[in-house]
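Model the following, please.
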Amino acid sequence: MKKTFALTHPKLQPARLVDAIKHEIRKYLARERRKAVPADKDYWTFDCRFGASEVEAKPMFTSEINQHIDAAAAQQWPQFYIEILARACNHKPRPDSDTE
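Predicted coordinates:
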């Protein structure tokens, strides 16, 4: 998902618009997580970027999406850009705890 969301709307209150945007992003993440993982991979992870525009977008973690959207709304940005790209990954093996 590479999308620019407007934070202004002539009929909707800003708080309701922010809620709708967050809902759309949660739906996208859930839809991507439901897809079949390739045979040699374990899970889906997401590469995310957020900013006022595509040029200004900075990397962030998936868990920080709502915080960044709330901050943009509080600073009254007219719009923001978000990029969420799914990537299949493998879990890192745990270190052996047998050595004491």
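
Work out for me the element the closest residue in space to residue 21 that isn't next to it in sequence sits within.
Counting by C-beta to C-beta, 6 or more residues apart in numbering, residue 5 is the residue found nearest to residue 21 once chain neighbours are left out, at 5.1 Å. For the C-beta atoms, the positions are set from N, CA and C on the backbone; glycine is no exception. For residue 5, the enclosing helix or strand under DSSP states H and E is strand 2-6.

buried ones in that strand?
Across strand 2-6, burial judged by 16 or more other C-beta atoms under 10 Å covers residue 5.

Point out where the protein drops to low pLDDT.
Counting by pLDDT under 70, the chain contains low-confidence residues at 97-100.

ranges for the strands of it?
Assigned by DSSP state E, the strands in the chain fall at 2-6, 43-51, 58-60, 79-89.

Looking at those, which is nearest to residue 26?
Among the strands of the chain, strand 79-89 comes nearest to residue 26, with 11.0 Å by C-beta to C-beta.

Next, the angle strand 2-6 makes with the closest one.
Using axes from the mean of the first three to the mean of the last three C-alpha atoms, to 10 degrees, the direction of strand 79-89 lies 150 degrees away from that of strand 2-6.

Run through the neighbouring helices and strands of strand 79-89.
In terms of contacts (3 or more C-beta pairs under 8 Å, 6 or more residues apart in numbering; DSSP states H and E), strand 79-89 is packed against strand 2-6, helix 14-34, strand 43-51, helix 65-74.
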